[in-house]
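*Asks:* Please work out how this folds:
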Amino acid sequence: MSEETPESLIPYDEIVQEALRDVVGRVLREVEQTGGLPGGHHFYITFKTKMPGVSIPKHLVERFPDEMTIVIQHRFWDLKVADHEFTVGLSFGGVPSTLVVPFAAVTDFVDPAVDFSLKFQANGAVDVPEEHDQAENDAPVAEPSDDGSNVVNVDFTKKK
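*Replies:* Residues are numbered from 1 along each chain as shown. Predicted structure coming up:
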């Protein structure tokens, strides 16, 4: 008698990946509906730049030919969430850009404010994590406090 586990005829891995991508869509949809991020929440979203349906400026594809990480935190606009993709406006080096990212292209979703992270496989392929540049959309504008302390006030509202 063989003790091997039989091969599944049900694609459990794909079903779980799709369900977890729905979590990303639901979170982004709530941000879209409320018009901003609650509390200190912010997101790092990594995606495959050459997946079908991804639409980003050519200079970003040239700079990130395989994978790119964006930050949804301070300066973003026009977040729109559909069933299979999201669209967001971000600024890169002061140049406004619109990105369209299918959920199938997302490989990582992280909310460091609460130590939450999801990892995905794009197109069912096994991804080997690789080194890539940090997100380069514009950082928040920090203003020193007037009281002379070392506290920095940061405006957490989204900018248009």
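*Asks:* how about the strands in the protein?
*Replies:* 43-48, 67-72, 76-81, 85-92, 95-102, 106-111, 116-119, 142-144, 152-154 (DSSP state E).
*Asks:* For those, could you give me TSV that also reports mean pLDDT?
*Replies:* Output for the strands of the chain, formatted as TSV (pLDDT from 0 to 100):
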stretch	mean pLDDT
strand 43-48	95
strand 67-72	94
strand 76-81	94
strand 85-92	93
strand 95-102	93
strand 106-111	94
strand 116-119	93
strand 142-144	51
strand 152-154	45
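*Asks:* As CSV, the ones you listed with mean neighbour count would be great.
*Replies:* Yep, even glycine has a C-beta here, placed from its N, CA and C like the rest. Output for the strands of the chain, formatted as CSV (neighbours: other Cβ atoms under 10 Å):
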stretch, mean neighbour count
strand 43-48, 21
strand 67-72, 22
strand 76-81, 17
strand 85-92, 19
strand 95-102, 17
strand 106-111, 20
strand 116-119, 14
strand 142-144, 10
strand 152-154, 11
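*Asks:* okay if I get those strands as TSV plus distance to Gly35?
*Replies:* Below are the strands of the chain laid out as TSV (distance: least, Cβ to Cβ, whole Å):
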stretch	distance to Gly35
strand 43-48	15
strand 67-72	13
strand 76-81	9
strand 85-92	13
strand 95-102	18
strand 106-111	18
strand 116-119	21
strand 142-144	23
strand 152-154	18
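*Asks:* got a list of what the residue positioned nearest the centre of the chain touches?
*Replies:* With distances taken as Cα atoms, centre = their mean, the residue of the chain nearest its centroid is Ile45 (1.8 Å). When contacts are counted by Cβ atoms under 8 Å, 6 or more residues apart in numbering, Ile45 touches Val24, Thr69, Ile70, Val71, Ile72, Val101, Val106, Asp108, Phe109, Val110.
*Asks:* Would you mind pulling the contact partners of stretch 91-105?
*Replies:* Contacts of stretch 91-105 (Cβ under 8 Å, 6+ apart): 21-22, 24-25, 45, 47-49, 51-57, 60, 70, 75, 78, 84-90, 122-123, 136-138.
*Asks:* list the buried ones in whichever helix in the chain runs longest?
*Replies:* As assigned by DSSP state H, the longest helix anywhere in the chain is helix 12-34. Going by neighbour count (16 or more other Cβ atoms under 10 Å), the buried part of helix 12-34 is Gln17, Arg21, Val24, Gly25, Val27, Leu28, Arg29, Val31, Glu32.
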